[in-house]
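build me a model:
(chains A, B, C and D)
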Number of protein chains: 2
Amino acid sequence: MSSSIQPKRIRKDPAARRAEIVDAAAAVALTEGLECVTLRRIGEELAVRPGLISHYFPSAEDLVAEAFGSAATAELDHLLPAGRPEGTPRGDLARFLARTSGEAYDAISRLWLNARHLSRYRPVLRDRVARQEAAWRERLETLVRDGVRAGEFRTADPLAAAVQILVVLDGLGVHANTATPERPAAVLRMAVTTAERELGLPPGALDRTTD
Amino acid sequence: MSSSIQPKRIRKDPAARRAEIVDAAAAVALTEGLECVTLRRIGEELAVRPGLISHYFPSAEDLVAEAFGSAATAELDHLLPAGRPEGTPRGDLARFLARTSGEAYDAISRLWLNARHLSRYRPVLRDRVARQEAAWRERLETLVRDGVRAGEFRTADPLAAAVQILVVLDGLGVHANTATPERPAAVLRMAVTTAERELGLPPGALDRTTD
DNA sequence: GATGCTATTGAGTGTGCGACCAATAAGCAA
DNA sequence: TTGCTTATTGGTCGCACACTCAATAGCATC
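Have a look, this model is predicted:
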């Protein structure tokens, strides 16, 4: 008959099951929003009873925070790989700015917007957001310092430069949920312009060459 | 006994009642968030049955959108009064920037954040947000144009200048719900710096003198 | 003072949520 | 094979929400 029934229980290794839950939650958070990360929704995603999710996350709020943290961390690692940089600081920064522009980044902008708002009501999530902000800030600041050390960038305050770039990105990303009218070219280039200005680079120095 | 009972019905003029509802909803939206604008919550606020709110707003989503629109419009009128400006464009802009900095503006930042996120799920609200964005943009652009005409500002693209200022304000306001660590002075001054740069003003020209 | 309109109430429906808990069965160890 | 641990199920409870609708009562009009 109906091939969807599954009378057989599948018992998994707790660590693996937990990881599976977090992955599913992160995916739902990214595509549907953090308020859709519910016990029922994630249980359905994994073809498992909601109670099981409760078993691993006695408080649903913890799962929501974990989903955000997981998704944001993965994205940061994609945008600005940690450890030894792959290319020159200038190239890495250009790639970072290229990736944080365009519609492909909208999903991430939406997630941040979502998390920052939901932080208002969810203390656990608020902590995670603060930690993620710090991680992004530090990763970008490190890149700036590397660039200064390599003689590619010039700034008296790497932290201030990094934060200013992030503020502009936040400001640009805020419209991810609303149909934005055509924006002036100067606005679309704000992130690049800000980075070039704060890092003492000539205009166009951070335009993406390849990617 | 209990003085809270009120067996007596109060029948009000529909227009007045509707305005009363919108005002209450706007106040709740501002202080507690748009998701707290529910039939029950607003009814409780006005000491009225939830069904009455339904009577005036058959769809709750309309009330939420109206609450946001009302609050945002009132705030815009406070920040940048329409009609004939009160002082010089430079003075008006300096006052605007002063008012959009500091913690007093956090409630508004929270509201915008709230509305922009909730727009993801509520089409009616999304439309209102788009209209409010346009209103803020146009009001600021007008101020810039006035300043250019008066010879106080210098820019080739008033719209681009206005939007850039708003993007920076959005970026700065995004942290209203999270405890932000001490930010570099250069970051705190970003809005003023951006305005001065885009409008061809010397540094410090937009620092608030009085308020 | 009687009448009619409608603002307002009261009660009920259905949905989705987190949390809780006892019963079940998978898989490992003895 | 037997037994134990615990991952997993199935069901329930209480809460908050939007929405519906018939009954009620304020108030203006006649």
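
every contact and neighbour count from this point should use C-alpha atoms.
OK.

how many other residues sit next to the residue nearest to residue A:152 when sequence neighbours are not counted?
Excluding its sequence neighbours, the residue lying closest to residue A:152 (Cα to Cα, 6 or more residues apart in numbering or on different chains) is residue A:90, at 6.8 Å. Look at residue A:90: counted by other Cα atoms under 10 Å in any protein chain shown, it has 21 neighbours.

same check on residue A:143?
Neighbour count for residue A:143, taken as other Cα under 10 Å: 23.

over to residue A:149?
Neighbour count for residue A:149, taken as other Cα under 10 Å: 12.

same question for residue A:79.
When neighbours are counted by other Cα under 10 Å, residue A:79 comes out with 19.

confidence score at it?
We have a pLDDT of 95 for residue A:79.

OK, contacts around it?
Residues near residue A:79 by Cα atoms under 8 Å, 6 or more residues apart in numbering or on different chains: A:95, A:96, A:99, A:100.

filter those down to the ones near DNA strand D?
Among those, no residue sits close to DNA strand D (Cα under 7 Å from any atom of the strand).

find the pair from these with maximum spatial separation.
The largest separation in the contacts of residue A:79, counting by Cα to Cα, is between A:95 and A:100 at 8.6 Å.

separation between residue A:148 and residue A:19?
Using Cα to Cα, to the nearest Å, residue A:148 is found at 39 Å from residue A:19.

and these two? which has more neighbours close in?
Using other Cα under 10 Å, the more surrounded residue of residue A:148 and residue A:19 is residue A:148, with 18 against 12.

without its sequence neighbours, what residue ends up closest to that one?
Nearest residue to residue A:148, sequence neighbours excluded (Cα to Cα, 6+ apart): residue A:154, at 5.6 Å.

how far away is residue A:80 from residue A:91?
11 Å.

same check, this time on residue A:108
22 Å.

try residue A:162
Applying Cα to Cα, the value for residue A:162 to residue A:91 is 16 Å.

for residue A:150, same thing?
When residue A:150 is compared with residue A:91 (using Cα to Cα), they lie 12 Å apart.

those two - which one has more neighbours?
Between residue A:150 and residue A:91, counted using other Cα under 10 Å, residue A:91 has the larger neighbour count: 19 against 13.

what's the helix or strand for the more buried one?
If you go by DSSP states H and E, residue A:91 is part of helix A:89-99.

got the CA coordinates for that helix in PDB?
What follows is helix A:89-99 as a C-alpha-only set of coordinates in PDB (Å, rounded to 0.1, in the frame of the first residue of the first chain):
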ATOM      1  CA  PRO A  89      44.500  40.000   1.500                       C
ATOM      2  CA  ARG A  90      43.400  42.300  -1.300                       C
ATOM      3  CA  GLY A  91      42.200  39.300  -3.400                       C
ATOM      4  CA  ASP A  92      40.400  37.700  -0.400                       C
ATOM      5  CA  LEU A  93      38.700  41.000   0.500                       C
ATOM      6  CA  ALA A  94      37.600  41.500  -3.100                       C
ATOM      7  CA  ARG A  95      36.200  38.000  -3.200                       C
ATOM      8  CA  PHE A  96      34.400  38.600   0.100                       C
ATOM      9  CA  LEU A  97      32.900  41.800  -1.100                       C
ATOM     10  CA  ALA A  98      31.800  40.200  -4.400                       C
ATOM     11  CA  ARG A  99      30.100  37.400  -2.600                       C
END
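
residue A:140 touches residue A:162, doesn't it?
Yes. Assessed by Cα atoms under 8 Å, residue A:140 is found in contact with residue A:162 at 5.9 Å.

could you list the low-pLDDT ranges of chain A?
Applying pLDDT under 70 to chain A flags residues A:1-7, A:84-85, A:209-211.

which stretches of it form helices?
For chain A, the helices defined by DSSP state H occupy A:14-31, A:39-45, A:50-56, A:60-79, A:89-99, A:106-118, A:123-149, A:158-173, A:185-188, A:190-198.

let's have those in a markdown table, adding distance to DNA strand C.
What follows is the helices of chain A, written out as a markdown table (distance: least, Cα to the nearest atom of the strand, whole Å):
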| stretch | distance to DNA strand C |
| --- | --- |
| helix A:14-31 | 11 |
| helix A:39-45 | 4 |
| helix A:50-56 | 5 |
| helix A:60-79 | 4 |
| helix A:89-99 | 32 |
| helix A:106-118 | 14 |
| helix A:123-149 | 12 |
| helix A:158-173 | 27 |
| helix A:185-188 | 37 |
| helix A:190-198 | 37 |
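
how about the residue in chain A that chain B sits nearest to: what's its closest non-neighbour residue?
Closest approach of chain A to chain B (Cα to the nearest Cα) occurs at residue A:171, with a separation of 3.6 Å. Leaving aside its chain neighbours, residue A:171 sits nearest to residue B:171 (3.6 Å; criterion: Cα to Cα, 6+ apart).

re earlier: which one of the helices of chain A lies closest to residue B:51?
helix A:106-118 (28.4 Å).

does any bit of the closest one sit next to chain B?
Yes. Counting by Cα under 8 Å from any Cα of the partner chain, chain B is contacted by helix A:106-118 at A:110, A:113, A:114, A:116, A:117.

quick one: that helix to helix A:158-173, angle?
Relative orientation of helix A:106-118 versus helix A:158-173 (axes from the mean of the first three to the mean of the last three Cα atoms, to 10 degrees): 100 degrees.

and residue A:160, how far from residue A:93?
The value you get for residue A:160 to residue A:93, if Cα to Cα is used, is 16 Å.

the more surrounded of those two?
Neighbours per residue, other Cα under 10 Å: of residue A:160 and residue A:93, the larger number sits with residue A:93, 23 against 20.

dump the residue contacts of the residue nearest to the spatial centre of chain A.
The centre of chain A sits closest to residue A:72, judged by Cα atoms, centre = their mean, with a distance of 3.3 Å. Listed by Cα under 8 Å, 6+ apart, the contact set of residue A:72 reads A:108, A:132.
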